[in-house]
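Peer 1: everything below, folded, please.
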Amino acid sequence: MTTRAKPVDLFTPLTVGPITIPNRIVMAPLTRNRAGSGNVPTDLNASYHAQRATAGLIISEANPASPQGHGYPAIPGIHDESQVTGWRKVPRAVHARDGHIFLQLWHVGRISHPSLQPDGGLPVAPSAMRPAGEAATYTGPQPCVTPRANANLTAGAADMVALGGPFLANPDLPERFTWDAPLNTPDETTFYGGEACGYTDYPSLVIAGTGGTRCRGLPGHRSGSRPISGAACMGFEPGAGGWLFPAVSRCINCSGNSD
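Peer 2: Okay, here's the model as predicted:
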């Protein structure tokens, strides 16, 4: 017997973490390629988001959290002071119209190009596997390249970025860094499992590691995760979405980081 969920009025309030939004319509983020020099948000970014402030909640366009996280031209970043200053005008414009906005952090991984990377370097990714398709650059589409991963690992420069070993062994890694506590030794035999579990282990650990009392001063109830269930590009196979994303959603909901 199939049980149907009760209809929900989209125009009723909803509590999301620390805020109550006036309706249940959430604006999906869209990459606008409108940042200025140095990937700094401009008045155009503020106007774009403010024009949509009547949505219950705006999820901002994605913002690379490091220089290596960029993969498209003219994308606003959030990794230096000039970008932070530029972004401040965006929520101010949204709040002036009684709107609510969450900033979405991003790292494109291998979906990038040397022309978009610091000093023309290779993109950084968990595995040295070239994605299918082309990268968007300032001069037009360019063939994707093989990202760097093994070289960093061999040099001991990017273990946490490339494989995440210390994080998988220490899901409270931000807290351990805060208190200068010793780290557990990674044990690869305990990493991941089969089927959906192999995909939900990592987001579970991310939530456990950042959803505590403090992550660079950010309370757990002010952070969240956003699975993308509809992507079908750059070699990503969407067929798993039918079973994978419900499992990831349950993982996030059980953490208390999602409403």
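Peer 1: so Thr20 is in which element?
Peer 2: Element membership of Thr20 [criterion: DSSP states H and E] is strand 19-21.
Peer 1: now swap in Asn63 and tell me
Peer 2: strand 57-64.
Peer 1: which elements pack onto the helix or strand that that strand is followed by?
Peer 2: Using DSSP H and E, the helix or strand that follows strand 57-64 in sequence is helix 81-95. Judged by 3 or more CB pairs under 8 Å, 6 or more residues apart in numbering; DSSP states H and E, the packing partners of helix 81-95 are helix 43-50, strand 57-64, strand 101-106. In short, each C-beta sits where N, CA and C put it, glycine included.
Peer 1: swap the cut-off to 6 Å and go again
Peer 2: Applying 3 or more CB pairs under 6 Å, 6 or more residues apart in numbering; DSSP states H and E, one finds that helix 81-95 makes contact with helix 43-50.
Peer 1: the helix it packs on vs strand 101-106, what angle?
Peer 2: Computed with axes from the mean of the first three to the mean of the last three CA atoms, to 10 degrees, the direction of helix 43-50 lies at 120 degrees from that of strand 101-106.
Peer 1: just the pLDDT at the nearest residue to Asn23 once chain neighbours are set aside, thanks.
Peer 2: Using CB to CB, 6 or more residues apart in numbering and skipping residues adjacent in sequence, the residue nearest Asn23 is Gly56, 4.0 Å away. Note for Gly56: predicted pLDDT of 94.
Peer 1: pretty sure Gly56 is in contact with Ile19, am I right?
Peer 2: No. Counting by CB atoms under 6 Å, Gly56 stays clear of Ile19, with 9.9 Å between them.
Peer 1: burial measure for Ala136, as a count.
Peer 2: Residues near Ala136, counting by other CB atoms under 10 Å, number 19.
Peer 1: hmm, back to that, of Gly56 and Ile19, which one has the most company?
Peer 2: Gly56 (21 against 13).
Peer 1: which residues touch that one?
Peer 2: Ile21, Pro22, Asn23, Arg24, Ile25 (CB atoms under 6 Å, 6 or more residues apart in numbering).
Peer 1: same thing but 10 Å
Peer 2: The contact partners of Gly56, taken as CB atoms under 10 Å, 6 or more residues apart in numbering, are 10-14, 16, 19-27, 99-100.
Peer 1: now do Ile78
Peer 2: Taking CB under 10 Å, 6+ apart as the test, what Ile78 contacts is 39, 41, 60, 62-66, 69, 84, 86-87, 103-106.
Peer 1: now for Gly56 and Ile19: what residues contact both?
Peer 2: Shared contacts of Gly56 and Ile19, counting by CB under 10 Å, 6+ apart, come down to His100.
Peer 1: where along this protein do the helices fall?
Peer 2: 43-50, 81-95, 150-155, 159-162, 165-169, 173-179, 197-210, 241-255 (DSSP state H).
Peer 1: ranking these by mean pLDDT, which is last?
Peer 2: helix 159-162 (a mean of 45).
Peer 1: give me the neighbour count for His95.
Peer 2: 13.
Peer 1: quick check: Lys89 touching Ala46?
Peer 2: Yes. Counting by CB atoms under 10 Å, Ala46 is a contact partner of Lys89 at 4.6 Å.
Peer 1: quick one: which of the two has more around it?
Peer 2: The neighbour comparison of Lys89 against Ala46 (other CB under 10 Å) goes to Ala46, with 20 against 17.
Peer 1: so what's Gly71 closest to, chain neighbours aside?
Peer 2: Using CB to CB, 6+ apart and skipping residues adjacent in sequence, the residue nearest Gly71 is Val108, 3.1 Å away.
Peer 1: dump the residue contacts of the one you found.
Peer 2: Counting by CB under 10 Å, 6+ apart, Val108 touches 62, 64, 68-72, 75, 116, 123-125, 135, 234.
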